[in-house]
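Participant: here you go, sequence then predicted model.
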Amino acid sequence: TFGPVSDEWYANAAGAINWGFPTISDWEIPEIKPYGVCTYEHVVSRIPHEEIVEKAVIVRGLKVTATKIDIPVAFAPAFEGERVRKDDLYLECGGGRTPAVELLISAPYEEVKDGEINVIGPEISDLPKLGIKGPPYRLPLAVIVKVAGVNMQEDFEPIIERQFHYLINYAQGIMHMGQRNIVWIRISKQAVEKGFRFEHIGKILYAKIKQDFSVLVDKCEVNIYTEEEKVREMLELAKKIYEKRDARLAGLTDESVDIYYSCTLCQSFAPTHVCVITPERGGPCGAYSWLDGKACYQLNPAGPNQPIPKGEIIDLKLGQFKEVNEFVKKASRGKVEKVSLYSIITDPMTVCGCMECIAAVSAAVNGIIVVNREFMKETPIGMKFSTLAGMIGGGQVTPGFLGISKYYITSKKFISAEDGFLRLVWIPKILKEELKEKLQKRAEELGEPDFLEKIADETTANTEEELAKWIKKVNHPILKLPPIM
């Protein structure tokens, strides 16, 4: 209604509630908000004219989705898994070359402007004017999505966020890998020639999130940042939220649950790769925890996260279970017959290529090194992260090497079949600083309060020979452990 509301009109509005019809007014009238009929309020007052249509849609609980996504390139699941090679590359963001992050957060209705897509910083079309070297160009990138919905919960944020991988990959000529703050996006010359811009990433995410998660999401806003200062600001915000998400698992153990969850989200790039997610061992991507797998299954029972009953124990130390092996064999199309959840030597779990870190056995010193994606130099075993990733990625079983998340390093189940934590002999300084508090806490739990000082980094050892000298110098606990192989 517009303008003054008479007592008779007001009474009619109250009566209409029983039939499921809300009333929206621009006038000052008492609001009536019973439950169980409409989405929110039912007689709603003082709504500005420019907001009245949007408010009516929300209150009535109507769902509006896009039937066609307005982008200049083809968009279909057929393009998922497409690679953008160096010769075809126009622009890349993240992947260790530039800072990049993606984040989805829920917010109150009034803080989300539905359908708004903003690019803050240089657009792809601006790159030739900036005087920077290219193509291929390199830019920092932060993709921040805000959503609101009556059924939306914080627990669902990482599930929708992880779908960015699928959705962006559906665009022809666009390659998306990784997640969180190790995301990597490549855009081809052909896509740019057709007019592809950052705003089109926003259009894809807006349309598909509203379409695929309509039960949860009523409003969606996408902000894309390409200015480095702003990207780093968003990165710090995201890290705090990631940490809060990871902390939800405190108190849950692998023994306290009867069901684990699978993740086959990355099979477009690695068709035989299957993750098994447990409370104490999340996905190597760092973006999926056991709770996320559980929530995703509830949202999408036919999706990539399926429940796996542990079933009969085959080897508790290795972390081998009969039904887990049966599931992995089937989901990997027979390529992987069994998996040890806690071993780096015997049937280690496969990875796609999205892992945050790689653990590797240094046979010369009987220990384990860990290198994170951000560290670009060679490790003491003579290989960079990129070399190791190319060797173990794609769903290959590679004894002696393991793709892992940062969170897993301080888990009690970290390569526990081989005394994992106390075998840590080398970690890049940047990673050691990032995990300092958690590493120290775990060391104290194991009765080694000065253990962190005994782990080498690139400032103390860069070869296995230097690593061996360091281990003796600091009297590393590994000297008392049996051979790892």
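Facilitator: That came through, no problem.

Participant: residue 308 in helix, strand or coil?
Facilitator: Counting by DSSP: H, G, I helix; E, B strand; the rest coil, the backbone at residue 308 sits in strand.

Participant: start the count at 341, not 1, going forward
Facilitator: In the new count, where the first residue is 341, that last one comes out as residue 648.

Participant: list the contacts for it?
Facilitator: By CB atoms under 8 Å, 6 or more residues apart in numbering, the residues touching residue 648 are 599-602, 616, 663-664, 667. All C-beta atoms are positioned from the backbone trio N, CA, C, and that covers glycine.

Participant: what's opposite it in the beta bridge?
Facilitator: Per DSSP bridges, the residues bridged to residue 648 are residue 600.

Participant: which residues touch the nearest residue to residue 553 once chain neighbours are set aside?
Facilitator: Excluding the flanking residues, the one nearest residue 553 by CB to CB, 6 or more residues apart in numbering is residue 500, at 5.7 Å. By CB under 8 Å, 6+ apart, residue 500 lies in contact with 444, 485, 487, 549, 553, 556-557.

Participant: if you set the cut-off to 10 Å instead, what comes out?
Facilitator: Applying CB atoms under 10 Å, 6 or more residues apart in numbering to residue 500 gives the contacts 444, 446, 485, 487, 492, 507, 545, 548-549, 552-553, 556-557, 560, 636, 639.

Participant: what do you get for residue 675?
Facilitator: Counted by CB under 10 Å, 6+ apart, residue 675 has contacts 611-614, 668-669, 690, 735-737.

Participant: mind giving me the PyMOL command for buried ones among the residues you listed?
Facilitator: Buried subset of the contacts of residue 675, written as a PyMOL selection, criterion 16 or more other CB atoms under 10 Å:
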select buried, resi 612+613+614+668+669+690+735+737
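
Participant: out of the contacts of residue 675, which are inside helices?
Facilitator: 668-669 (DSSP state H).

Participant: mind pulling up the pLDDT for residue 465?
Facilitator: With respect to pLDDT, residue 465 has a value of 93.

Participant: measure it to residue 475 for me?
Facilitator: Between residue 465 and residue 475 the computed distance is 13 Å (CB to CB, to the nearest Å).

Participant: now do the shared contacts for those two.
Facilitator: Counting by CB under 10 Å, 6+ apart, the residues touching both residue 465 and residue 475 are residue 532.

Participant: circling back: out of the contacts of residue 648, who's nearest residue 748?
Facilitator: Nearest to residue 748, judged by CB to CB, of the contacts of residue 648 is residue 616 at 12.6 Å.

Participant: shouldn't that closest one be in contact with residue 623?
Facilitator: Yes - assessed by CB atoms under 10 Å, residue 616 is found in contact with residue 623 at 9.3 Å.

Participant: neighbour count for these two, which is higher?
Facilitator: For residue 616 versus residue 623, neighbours defined as other CB atoms under 10 Å are more numerous around residue 623 (32 against 22).

Participant: if I look at that one, how far off is residue 354?
Facilitator: Residue 623 sits 51 Å away from residue 354, taking CB to CB as the criterion.

Participant: helices and strands of this structure: which one has the lowest mean pLDDT?
Facilitator: Ranking every helix and strand in the chain by mean pLDDT, DSSP states H and E puts strand 383-384 at the bottom, with a mean of 70.

Participant: what sits up against the longest helix anywhere in the chain?
Facilitator: The longest helix of the chain (DSSP H) is helix 568-587. Helix 568-587 has contacts (CB under 10 Å, 6+ apart) with 433-434, 438-445, 460-461, 479-484, 494-495, 497-498, 501, 520-521, 563-565, 567, 622, 626-627, 629, 631-632, 745-747, 774, 778.

Participant: same check, this time on stretch 771-787
Facilitator: Stretch 771-787 is contacted from outside by 579, 583, 586, 696-697, 710-715, 746-747, 749-752, 754, 759, 761-762, 764, 766-768, 788-797, 817, using CB under 10 Å, 6+ apart.

Participant: of those residues, grab the buried ones for PyMOL.
Facilitator: Filtering the contacts of stretch 771-787 down to the buried ones (16+ other CB under 10 Å) takes a single PyMOL command:
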select buried, resi 586+696+697+710+711+712+713+714+715+746+747+749+750+751+754+759+761+762+764+766+767+768+791+792+794+795+796+797+817
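
Participant: in strands, which of the contacts of stretch 771-787 fall?
Facilitator: Counting by DSSP state E, these place 697, 710-712, 764, 766 in strands.

Participant: from the residues you listed, which two are the most distant?
Facilitator: Maximum pairwise distance in these, criterion CB to CB, is 13.1 Å, between 712 and 764.

Participant: what's the distance between the most centrally placed residue in the chain and residue 502?
Facilitator: In the chain, the C-alpha nearest the mean C-alpha coordinate belongs to residue 627, at 3.3 Å (CA atoms, centre = their mean). Plainly put, residue 627 is 5 Å away from residue 502 if you go by CB to CB.

Participant: strands of the stretch 441-590 of the chain, residue ranges please.
Facilitator: In the stretch 441-590 of the chain, the strands defined using DSSP state E, counting those that start in this stretch lie at 457-460, 477-478, 481-488, 514-517, 524-528, 559-565.

Participant: tabulate those in JSON lines, adding columns for distance to residue 808.
Facilitator: JSON lines is the format used below for these (distance: least, CB to CB, whole Å):
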{"stretch": "strand 457-460", "distance to residue 808": "50"}
{"stretch": "strand 477-478", "distance to residue 808": "38"}
{"stretch": "strand 481-488", "distance to residue 808": "41"}
{"stretch": "strand 514-517", "distance to residue 808": "35"}
{"stretch": "strand 524-528", "distance to residue 808": "35"}
{"stretch": "strand 559-565", "distance to residue 808": "45"}
